[in-house]
Structures are given as structure tokens and as C-alpha cells.
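In: Sequence first, predicted model second:
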Amino acid sequence: MQYQWQARYRFSQVAQFGLQGFGEFGKWNDWNPKRLQSHRIGPAFAGEALVGKHAWKYELSYFIGKVRASPAKTVSVRIQATS
């Protein structure tokens, strides 16, 4: 069983700040022991900017937590151009 959540505050279209978290417990009817579960949480910055005829959506996140009993730090960057 996996989960994912996020909460954002929209200051403006180009600046949204928030928190994100996600993780994995194991099979829905047979969870892994706590030491083998994965859980991560961290701050996020996102927004959308209009450049010419395209809208650019972006998201930058930094997660800390653990992945299968090992400490983990992850940077996530997403950029999308739409027409």
C-alpha cells in the first residue's frame, strides 16, 4: 500500500509553497515491518509562468526520510511545457 499527499499555499500563479510526503507500507493486507517501510517528507516550490504561447509548469521538492531502512535524501525537479 502506497500513499502520497501534498499541501500548498498559492501566493501567486508563479509562486506556490508547500509540503509533500509519500511512502510505502507494503502489501495492503500484509504490511512490511516498520524498519522496511519507506516514508519521505519535504518542502516544495511550484508554479506556472507564461512565456510566449506556452505555459511552463515547474515543481522543485526536497525529501528526507528513509527507503527500506536506509536514510534517504532526494531532490525532485519537474518541468512541463503546455500549449
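Out: Looks like it arrived, so ask away. Numbers count the residues shown, from 1 in each chain.
In: In this protein, what residue spans correspond to helices?
Out: Along the chain, counting by DSSP state H, no stretch forms helices.
In: do you know how far the most centrally placed residue in it is from residue 35?
Out: Per Cα atoms, centre = their mean, the C-alpha nearest to the average position across the chain is that of residue 20, at 4.7 Å. Remark: distance between residue 20 and residue 35 (Cβ to Cβ, to the nearest Å) = 23 Å. Glycine gets a C-beta too; all of them are placed from N, C-alpha and C.
In: try residue 27
Out: Counting by Cβ to Cβ, the gap from residue 27 to residue 35 is 16 Å.
In: what residues are up against residue 62?
Out: Counting by Cβ atoms under 8 Å, 6 or more residues apart in numbering, residue 62 touches 42-43, 73-76.
In: In a markdown table, list the residues you listed along with pLDDT.
Out: Shown next, in a markdown table, are the contacts of residue 62 (pLDDT from 0 to 100):
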| residue | pLDDT |
| --- | --- |
| 42 | 97 |
| 43 | 98 |
| 73 | 94 |
| 74 | 92 |
| 75 | 95 |
| 76 | 94 |
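In: Tell me who's in contact with the nearest residue to residue 48 once chain neighbours are set aside.
Out: Setting aside the residues directly before and after it, residue 48 is nearest to residue 57 in space (Cβ to Cβ, 6 or more residues apart in numbering), at 4.9 Å. Residues near residue 57 by Cβ under 8 Å, 6+ apart: 46-48, 78-82.
In: Please apply the same query to residue 35.
Out: residue 69.
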